[in-house]
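Visitor: make a model of this:
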Amino acid sequence: MDSSRSGSSSTTTAAQFPVLRSALDRGEDVRFGKSLSLDREQISVRKLFGGMKRCLLADVEKVGIDDGKLKIRQRGKTFAFAGSAWAACPTRFSS
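Guide: Next up, the predicted model:
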């Protein structure tokens, strides 16, 4: 399942949550642009020089937005597992 670029209104995001949830329930990967994807077990982000790194959802300690950046912290790690400009994360999902 790929996502398309859209405005960041909470109404749009809330309205599309059921589509996202259904895709995950069917076992599909959900992509947020080119650098972030999510499935039922893990979140994956693109590494700086190519390839992907993964973190099991059970190991995600915290997800937040700080200074306009989406930050994902992995349990037991000093630095964030991933950080991405929030504006670069599309919020519209389509199959």
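Visitor: and the strands in the protein?
Guide: Here the chain has its strands, by DSSP state E, at 2-4, 30-32, 36-38, 42-46, 52-56, 60-66, 69-74, 82-85, 92-94.
Visitor: could the ones you listed be laid out in JSON lines, adding mean neighbour count and mean pLDDT?
Guide: Where you see a C-beta, it was placed from the backbone N, CA and C, and this is true even at glycine. Putting the strands of the chain into JSON lines (neighbours: other Cβ atoms under 10 Å; pLDDT from 0 to 100) gives the following:
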{"stretch": "strand 2-4", "mean neighbour count": "15", "mean pLDDT": "46"}
{"stretch": "strand 30-32", "mean neighbour count": "19", "mean pLDDT": "86"}
{"stretch": "strand 36-38", "mean neighbour count": "20", "mean pLDDT": "89"}
{"stretch": "strand 42-46", "mean neighbour count": "18", "mean pLDDT": "91"}
{"stretch": "strand 52-56", "mean neighbour count": "13", "mean pLDDT": "93"}
{"stretch": "strand 60-66", "mean neighbour count": "12", "mean pLDDT": "88"}
{"stretch": "strand 69-74", "mean neighbour count": "18", "mean pLDDT": "86"}
{"stretch": "strand 82-85", "mean neighbour count": "16", "mean pLDDT": "72"}
{"stretch": "strand 92-94", "mean neighbour count": "17", "mean pLDDT": "43"}
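Visitor: any chance of TSV for those, columns distance to Phe17?
Guide: Below are those laid out as TSV (distance: least, Cβ to Cβ, whole Å):
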stretch	distance to Phe17
strand 2-4	12
strand 30-32	11
strand 36-38	13
strand 42-46	17
strand 52-56	22
strand 60-66	15
strand 69-74	17
strand 82-85	20
strand 92-94	9
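Visitor: tell me which of those lies nearest to Ala14.
Guide: strand 92-94 (12.1 Å; Cβ to Cβ).
Visitor: ok so, going back, nearest to Pro18, of the strands of the chain?
Guide: So among the strands of the chain, strand 92-94 is nearest, using Cβ to Cβ, at 9.7 Å.
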